[in-house]
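In: 3D model of this:
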Amino acid sequence: MKLTILGGGGFRVPLVHGALLEDRAEGRVTHVTLYDLDAGRLSAIARVLAEQAAEYPDAPEVSVTTDLDEALVGTDFVFSAIRVGGLEGRAADERVALAQGVLGQETVGAGGVAYGLRTLPVVDHIAQRVAVLAPDAWFINFTNPAGLVTEAMARRLGDRVIGICDSPVGLGRRVARALGAPRPEEAVPDYVGLNHLGWLRGLRIGGRDELPRLLADRELLGSFEEGKLFGPEWIQSLGAVPNEYLHYYYFNRETVRAYQEADLTRGAFLRDQQARFYDRMRDPAAPALRTWDTTRAEREATYMSENREAAGAGERDEASLTESGGYEKVALALMRAIARDERTTLILNVRNRGTLSVLDADAVIEVPCLVDAGGARPVAVSPLPAHATGLVCSVKAVEREAMAAAASGSRAAAVKAFALHPLVDSVGVARRLVDEYRAVHPGLAYLT
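Out: Residues are numbered from 1 along each chain as shown. Below is the predicted model:
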């Protein structure tokens, strides 16, 4: 079975490769094609993968290419983790937004809208090529903003494109561990929302929903990452545990201030950190895997550091690092279920199909899905409460305006996308954001 990885020179590709190496079952991936526009990054990551595979005599064959069509021909699965504009683009998204006093995070707020606007034309082209060259392939999307990108690509690829994220998995496992579950990975979550905008409303352990026990115990609530971020009192008020990214909404002023006061934004930190890694990898004598692993550990330890500072949550504990869920494991589980017709349930980004009555059938949502050889189908869920419904509908409207702007090239539609976002508080700010983003991103020159 052949897997194509778009963004194959990306820093986290070795995580996917590591998961593939551990898969010993029949029908596993036997060939991996890495595609990237940057040949130097491809070479660096290929070296890391070669060292990973050194102790696996039957490791998947790895090839690299800078030609998209070559990468797609004959593939069974496409995994996409591209970053249009690179980390310099992410840092610019943050910088421009913060200058206007609003959030520039890559999936939430003004930064998410900007990132989406420059990514949508690129992924639309990719979807067109997949439809022509690999019409039977399954497309697994991890490119951010994941929900928006998945929905845009579904307009060409239908249900053969499925979005993944490890945030809901990690949340469910952290809560299960806090509740003393003997096998946290076997707990069954009731999770509903959009990508990076969802709530854990129940968690069945041994057939019983144990979330009410958690909500009644403030000490338990304060014992895991999300409890420290949001505080037990707010979680009890919601009656559900929010995805960590909702911290940007519920504590927006505090988070924006923490970003403004930070020496480096997250994007700028990663830009500089990864530049050092790729520079180091230009040395043929550099130990590729060890250099990568050291860089990765630093990256994980500093994840959402501004949010933890704003919340007074302190450093990430060791358990939160190991209970992340692992997007590479989600991707592997999804491929296994489809390729081997092994029925399983995963939290995925798929078309709504009537699951949430407040959204239309084609709106991509993030919910538990039944997966088998026929793909992923959302399971029935109970309605969201009014406060969550309002936020979900508002953000979905922003995504639709962004798609309209990308399709038409309309500056007015782009302004509307920014202005309607709950974290952008002024049409005037929205107009300035569009102008500033166009000035720093060549990929937004199409907005006129």
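In: just the helices in the stretch 251-400 of the chain please.
Out: Secondary structure of the stretch 251-400 of the chain (DSSP state H, counting those that start in this stretch): helices at 252-261, 266-280, 288-301, 305-311, 318-322, 327-340, 386-408.
In: nearest to Arg204, of those?
Out: Checking these against Arg204 by Cβ to Cβ gives helix 327-340 as the closest, at 18.8 Å. Bear in mind the C-beta positions are built from the backbone N, C-alpha and C, glycine included.
In: TSV for the helices of the stretch 251-400 of the chain, including distance to Ala91?
Out: Below are those laid out as TSV (distance: least, Cβ to Cβ, whole Å):
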stretch	distance to Ala91
helix 252-261	12
helix 266-280	4
helix 288-301	15
helix 305-311	14
helix 318-322	24
helix 327-340	22
helix 386-408	21
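In: of those helices, which shows the lowest average pLDDT?
Out: Per-stretch mean pLDDT for the helices of the stretch 251-400 of the chain is lowest at helix 318-322 (a mean of 52).
In: if I look at the residue lying closest to Gly109 once chain neighbours are set aside, how far off is Glu436?
Out: Nearest non-adjacent residue to Gly109, counting by Cβ to Cβ, 6 or more residues apart in numbering: Leu103, 3.4 Å away. Using Cβ to Cβ, to the nearest Å, we find Leu103 at a distance of 15 Å from Glu436.
In: look at these two and report which has more neighbours.
Out: Neighbours per residue (other Cβ atoms under 10 Å) separate Leu103 from Glu436, with Leu103 holding more: 24 against 18.
In: and stretch 426-443, which residues are buried?
Out: Val429, Ala430, Arg431, Arg432, Leu433, Val434, Glu436, Tyr437, Arg438, Val440, His441, Gly443 (16 or more other Cβ atoms under 10 Å).
In: likewise for stretch 354-361?
Out: Quick answer for stretch 354-361 (16+ other Cβ under 10 Å): Thr355, Leu356, Leu359.
In: and for stretch 102-111?
Out: Val102, Leu103, Gly104, Gln105, Glu106, Thr107, Val108, Gly109, Ala110, Gly111.
In: what residues does that stretch touch?
Out: 90, 93-98, 100, 112, 114-115, 144-146, 195-196, 245, 248-249, 252, 255-256, 259, 265-267, 418, 421, 423-425, 429, 433 (Cβ atoms under 8 Å, 6 or more residues apart in numbering).
In: mind checking pLDDT for Gly314?
Out: Taking Gly314 on its own, its pLDDT is 63.
In: so where's the stretch 101-250 of the chain uncertain?
Out: Scanning the stretch 101-250 of the chain for pLDDT under 70 picks out no residues.
In: in it, which spans are strands?
Out: Assigned by DSSP state E, counting those that start in this stretch, the strands in the stretch 101-250 of the chain fall at 138-141, 161-163, 188-194, 197-205, 208-209, 241-242.
In: okay if I get the ones you listed as TSV plus distance to Ala19?
Out: Converted to TSV, those look like this (distance: least, Cβ to Cβ, whole Å):
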stretch	distance to Ala19
strand 138-141	12
strand 161-163	17
strand 188-194	21
strand 197-205	24
strand 208-209	30
strand 241-242	27
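In: tabulate those strands in JSON lines, adding columns for mean neighbour count and distance to Thr119.
Out: What follows is the strands of the stretch 101-250 of the chain, written out as JSON lines (neighbours: other Cβ atoms under 10 Å; distance: least, Cβ to Cβ, whole Å):
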{"stretch": "strand 138-141", "mean neighbour count": "27", "distance to Thr119": "11"}
{"stretch": "strand 161-163", "mean neighbour count": "28", "distance to Thr119": "13"}
{"stretch": "strand 188-194", "mean neighbour count": "23", "distance to Thr119": "17"}
{"stretch": "strand 197-205", "mean neighbour count": "22", "distance to Thr119": "18"}
{"stretch": "strand 208-209", "mean neighbour count": "11", "distance to Thr119": "38"}
{"stretch": "strand 241-242", "mean neighbour count": "26", "distance to Thr119": "25"}
